Structures are given as C-alpha cells and as structure tokens.
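Engineer: Predicted model follows, preceded by the sequence.
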Amino acid sequence: MKKILTFLLVIILAFGGFLTWLFAREQDGVPILVYHQVNNVDKNQMTVTVEDFDAQIKYLVDSGYTFITPDELIDAWESSEESDQKTALPNKPIIVTFDDGYIDMYKNVFPILQKYNAKVTLFTITDYLNLYPNYLTWSQARELQSSGLVDVESHTLSHFSLTDKRFSSTEVRNQLYSSKQAIEWYLKKPVNFVAYPSGLYTQEVEDLTKDVGYRGAFTVDYGLSHKEPQHYVLPRIPIFGDNSYPLLRFKIRLLGAPIIAPLNRFKNQLIHDGNGMIADFIWIP
C-alpha cells in the first residue's frame with residue numbers, strides 16, 4: 001500500500017511540475033481569440049449567441065484585459081530595448097478577431113463593442129462584401145473602421161484554401177494581394193494583416209504573404225502568441241464549437257491555452273495517423 005501511495009505521489013508531483021513548466025513557458029504569450037458569427041438565429045458550430053458574446057467581453061473587461069490591435073502587438077515586439085521609441089505591451093493584452101465579415105458584426109457585435117469600449121480586428125472576405133445579404137456592405141465596413149473600435153483587415157478575396165494544389169502561385173498571390181488592395185481602396189487605410197482561410201498555410205503561402213506586403217498573418221490554433229518564431233503564423237484560440245458557448249467553457253479555453261494547445265495538436269496527430277478512436281477519448285473544451 002505504501003508503495004502505491006508513493007507511486008501516486010510521484011505521478012502527481014511529476015504532472016504538477018509539467019503543468020508548471022507549460023504555464024511558465026507561456027507566461028509572456030498573448031491570447032488572440034477568433035470568432036465568426038454572433039447571433040441568436042443560426043444554430044451551428046461557428047455561431048455564438050449575442051448574450052454569450054456580451055458575457056465574454058464583460059468578463060475580459062472585468063478581469064483587467066486590455067484590447068489591442070495586431071499593429072500594437074507587432075510594434076511592441078519589434079521595438080528594441082535600446083530604442084528611445086520602445087513600445088511596451090499593456091497589462092494583460094488580448095486581441096479579439098472576427099473572420100469573414102458577416103452582417104451580424106454590424107448588427108450585434110458593434111453595439112457590444114461600443115458598450116464596453118472594446119476593440120476587435122475584422123478579417124473580411126472582400127469579394128463577399130456588397131454581394132451577399134448576410135455579409136457586410138462596404139459602407140458598413142467603412143463605418144466600423146471609422147469608429148476606432150474595429151480594424152478591418154484581409155481574409156483573402158474569396159476564401160478558397162491557399163494550400164489547395166489546384167491553384168497556382170499566381171492565383172494564391174492574387175487572393176492575398178487583391179483583397180489587400182480592395183480594402184485599402186474602399187476604406188483608405190493600410191492593410192497589414194491577413195487571416196489564412198481555415199488557418200491553413202504552407203511555406204510558399206507564408207513567403208507570398210510577406211512578398212505582397214503584409215506585416216503578419218494568422219492561423220487557427222489554441223496556443224498563445226509569442227514574439228518568436230514567426231509573425232506570419234500567429235495562433236488564435238477559436239471561440240466556437242457549440243450552439244451555446246457557456247462562460248465557463250470560454251474561460252477554460254482562454255486560461256487553459258498552454259495546456260489545450262499541445263493536447264489539441266496531439267489529438268490532431270492521432271487523427272492524421274488513423275487513430276481516431278483513441279483521439280475520441282481526448283476532450284477539447
């Protein structure tokens with residue numbers, strides 16, 4: 001019995017040490033959240049209810065988080081310690097992003113941002129604006145941008161996968177560059193960032209993203225973002241996955257990112273290797 005208790009104690013201490021190491025490694029990491037839709041109509045995995053989104057933003061405000069933009073993040077990372085112009089990150093920085101450019105950004109999200117004076121970054125599929133009724137118009141995007149609470153950036157022209165081998169490098173480049181040009185022309189502002197469709201990229205896509213003039217790019221992952229190794233593969237914590245998104249689950253994803261990120265990568269690797277049944281036992285909140 002004594003040997004069993006000793007063994008269990010060793011396991012507990014080892015696990016505790018591992019968790020401590022994980023969180024210590026991520027202590028300077030910045031959380032970046034990604035949403036898609038916020039409404040009370042669509043019942044799909046990409047949609048958060050209006051009430052849940054309000055509660056999540058309120059939690060961030062009450063918890064002392066400071067909403068920053070991608071430019072502010074990169075400015076802080078790129079400023080040197082020797083420079084007189086050093087830019088420091090605020091206490092508990094966080095970036096909140098939205099993908100696609102749905103109309104509920106204007107109808108449902110914007111009023112909540114005004115209520116809490118919260119800033120977000122919106123990655124738009126530029127060919128969809130002024131085309132589909134469930135997406136923003138350019139006029140609405142201009143109003144959002146001029147508010148100072150929404151920074152409109154690129155999510156490519158038409159959201160096709162940049163890693164799809166059916167498309168040439170020229171077509172991928174056009175998706176990246178022309179969407180940047182469209183936003184800069186319509187909104188009269190520089191476009192420095194892109195979110196890869198579905199978070200997928202290759203080294204070639206990353207190189208093209210740099211070549212057309214983006215300052216950084218975003219994927220979809222559960223980890224926190226760090227100055228190293230790259231500004232063009234910034235992870236984002238997805239805030240979707242259920243028809244209802246309780247505040248507790250939101251907190252687990254936000255605060256538990258250092259644990260969830262490697263766990264999710266391990267689960268995806270199991271699925272990739274054909275071990276889906278084993279992967280099913282790994283719960284990702």
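Structural biologist: In hand now; what should we look at? Numbers count the residues shown, from 1 in each chain.

Engineer: element containing K115, please.
Structural biologist: Per DSSP states H and E, K115 falls inside helix 110-116.

Engineer: Now that helix: buried residues?
Structural biologist: Along helix 110-116, these residues count as buried under the neighbour rule (16 or more other Cβ atoms under 10 Å): F110, I112, L113. Any C-beta I mention is one placed from the backbone N, CA and C, and that applies to glycine too.

Engineer: Tell me how far the longest strand along the chain lies from the chain's centre.
Structural biologist: Counting by DSSP state E, the longest strand found in the chain is strand 93-100. Centre-to-centre, strand 93-100 and its host chain are 5 Å apart (Cα atoms, centre = their mean, to the nearest Å).

Engineer: hmm, back to that, from the contact counts, what lies against the helix holding K115?
Structural biologist: Applying 3 or more Cβ pairs under 8 Å, 6 or more residues apart in numbering; DSSP states H and E, we find helix 110-116 packed against helix 50-62.

Engineer: Packing partners of the helix it packs on?
Structural biologist: When contacts are defined as 3+ Cβ pairs under 8 Å, 6+ apart, helix 50-62 packs onto strand 93-100, helix 110-116, helix 247-255.

Engineer: ok and it relative to helix 247-255, angle-wise?
Structural biologist: Put simply, helix 50-62 runs at 50 degrees to helix 247-255, going by axes from the mean of the first three to the mean of the last three Cα atoms, to 10 degrees.

Engineer: How far does the helix or strand following helix 50-62 sit from its chain's centre?
Structural biologist: Downstream of helix 50-62, the next assigned helix or strand under DSSP H and E is strand 66-67. Its chain's C-alpha centre and that of strand 66-67 lie 14 Å apart, by Cα atoms, centre = their mean.

Engineer: what about dumping the CA coordinates of whichever helix or strand comes after strand 66-67 to CSV?
Structural biologist: Per DSSP H and E, the first helix or strand lying C-terminal to strand 66-67 is helix 70-78. Only the C-alpha atoms of helix 70-78 are listed here, as CSV (Å, rounded to 0.1, in the frame of the first residue of the first chain):
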residue,chain,number,x,y,z
PRO,A,70,-2.2,43.4,-34.3
ASP,A,71,-0.2,46.5,-35.2
GLU,A,72,0.2,47.4,-31.5
LEU,A,73,1.3,43.8,-30.8
ILE,A,74,4.0,43.8,-33.6
ASP,A,75,5.1,47.4,-32.7
ALA,A,76,5.8,46.2,-29.1
TRP,A,77,7.6,43.1,-30.4
GLU,A,78,9.7,45.0,-32.9
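
Engineer: okay, now the closest residue to N192 other than its chain neighbours: neighbour count?
Structural biologist: Among residues not flanking N192 along the chain, R215 sits closest, at 3.9 Å (Cβ to Cβ, 6 or more residues apart in numbering). Neighbourhood size, R215 [other Cβ atoms under 10 Å]: 19.

Engineer: Now do the SS call for the nearest residue to K267 once chain neighbours are set aside.
Structural biologist: Spatial nearest neighbour of K267, excluding adjacent residues (Cβ to Cβ, 6+ apart): I282 at 4.4 Å. Here I282 is coil, with the state taken from DSSP: H, G, I helix; E, B strand; the rest coil.

Engineer: how close does I282 get to G223?
Structural biologist: Distance from I282 to G223, counting by Cβ to Cβ, to the nearest Å: 16 Å.

Engineer: Does anything pack onto the longest strand of the chain? Which helices or strands?
Structural biologist: Here strand 93-100 touches strand 32-35, helix 50-62, strand 66-67, helix 70-78, strand 120-124, going by 3+ Cβ pairs under 8 Å, 6+ apart.

Engineer: Just tell me which of the ones you listed ends up closest to P238.
Structural biologist: Nearest of the helices and strands packed on strand 93-100 to P238, taken as Cβ to Cβ: strand 32-35 at 5.4 Å.

Engineer: now that closest one: mean pLDDT?
Structural biologist: For strand 32-35, the mean pLDDT works out to 96.

Engineer: List the neighbouring strands of it plus their orientation.
Structural biologist: strand 93-100 (parallel), strand 237-238 (parallel) (DSSP bridges).
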